[in-house]
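J.: okay, sequence plus prediction incoming.
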Amino acid sequence: MAPTEEISPRPLDPRLLQLSGISRASVEAHYRLYQGYVAKRNEILGLLGDVDRATANQVYSALRSLKLDLTFAIGGIKNHELYFAHLGGDGGDPHGAFRVLVERDFGSVDAWRADLRATGIAARGWAWTAYDWDERRLFNYLGDAQNTFPVWNATPLVALDVYEHAYFLDYQTDRPSYIDAFFENLDWDVVNGWIASYAIPS
Ligand code: FE
C-alpha cells in the first residue's frame, strides 16, 4: 500500500474561547480531544499500510480493528471540524439560505429547533441537521458515537455535539441547558457559506 499523507488539526479559532455559556476550559479540553482524533487517524492509516490482509477475518483481525476504528477517528475529525467551525457567532434565528430551507422542510424555525433539540436529548453523541441530496430536503439525524449513524449522500450543516465531554464541566448533567447555549453561539454566516459552497438548491 502506498503511504497515506498525514493531516494536521485545524487551529482553534480564538473566538471559540469566548463563547456564551460554554467555558474556555471546556472548549480547550474539547479541542484536545479533536487533536487526539487527528493523531489516531494518522496512526491507524500508518498501521494499515503494513497490516497483513491475508489474515482478514470478521470475528477478529488486525485489518478489521483498524478499519473499524478508522471510522471512529475520521468521524471524530469531521464532526468536530463542523462543530468548531460554526460556533462563535451570535446565535438567534437563522437567516438567509438556511432559514429558507428550514422553513420549507420543517414548517418554521421553531419547529426545526425543537426537533433538533429533542434529537440532541435523545442521542448519545451527536445530532445533525443535514441536507439529503436524494430526497432534496433537510433532516435532523441522530448519532450515537462518532461513527454512528451518518447516512450516505447527505451534507451536514449543523453538528450538535451532545457527548458529555461537551458540557459536563459547565452544566453537569443538564444537557438541555447546554443545547440552548449551543444554539446561542451558532454563526449562521458560516452555515450559509457551506450551503453556497456546496451549491445546495433552495
Ligand atoms: Fe466532542
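T.: Structure received. Numbers count the residues shown, from 1 in each chain.
J.: is it true that R99 touches S108?
T.: No: counting by CB atoms under 8 Å, R99 does not reach S108; the two are 10.1 Å apart. From N, CA and C alone the C-beta is placed, and that goes for glycine too.
J.: break down this protein into its helices, ranges please.
T.: 24-48, 62-85, 96-106, 109-122, 168-171, 175-183, 188-197 (DSSP state H).
J.: okay if I get those helices as CSV plus mean neighbour count?
T.: Below are the helices of the chain laid out as CSV (neighbours: other CB atoms under 10 Å):
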stretch, mean neighbour count
helix 24-48, 16
helix 62-85, 18
helix 96-106, 18
helix 109-122, 17
helix 168-171, 17
helix 175-183, 19
helix 188-197, 16
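J.: for N147, which of the ones you listed is the nearest?
T.: Ranking these by proximity to N147 (CB to CB) places helix 62-85 first, at 4.0 Å.
J.: and the angle for that closest one with helix 24-48?
T.: 150 degrees (axes from the mean of the first three to the mean of the last three CA atoms, to 10 degrees).
J.: which residue does this protein bring closest to the ion?
T.: Relative to the ion, the nearest point of the chain is D161 (4.2 Å; CB to the ion).
J.: from memory that residue sits against E81, does it?
T.: No: the pair D161 and E81 fails to qualify as a contact (CB under 8 Å) at a distance of 11.5 Å.
J.: what's the separation between the most far-flung residue of the chain relative to its centre and D93?
T.: Using CA atoms, centre = their mean, the residue of the chain lying farthest from its centre is A54. It sits 34.8 Å away. As judged by CB to CB, to the nearest Å, A54 and D93 stand 57 Å apart.
J.: again, but for W128
T.: Separation of W128 from D93 (CB to CB) stands at 19 Å.
J.: higher neighbour count, the two?
T.: For the pair W128 and D93, the greater number of neighbours falls to W128 (26 against 13), based on other CB atoms under 10 Å.
J.: ok, for the more buried one, nearest residue in space, not its chain neighbours?
T.: In space, W128 comes closest to P156 once its chain neighbours are excluded; the distance is 4.5 Å by CB to CB, 6 or more residues apart in numbering.
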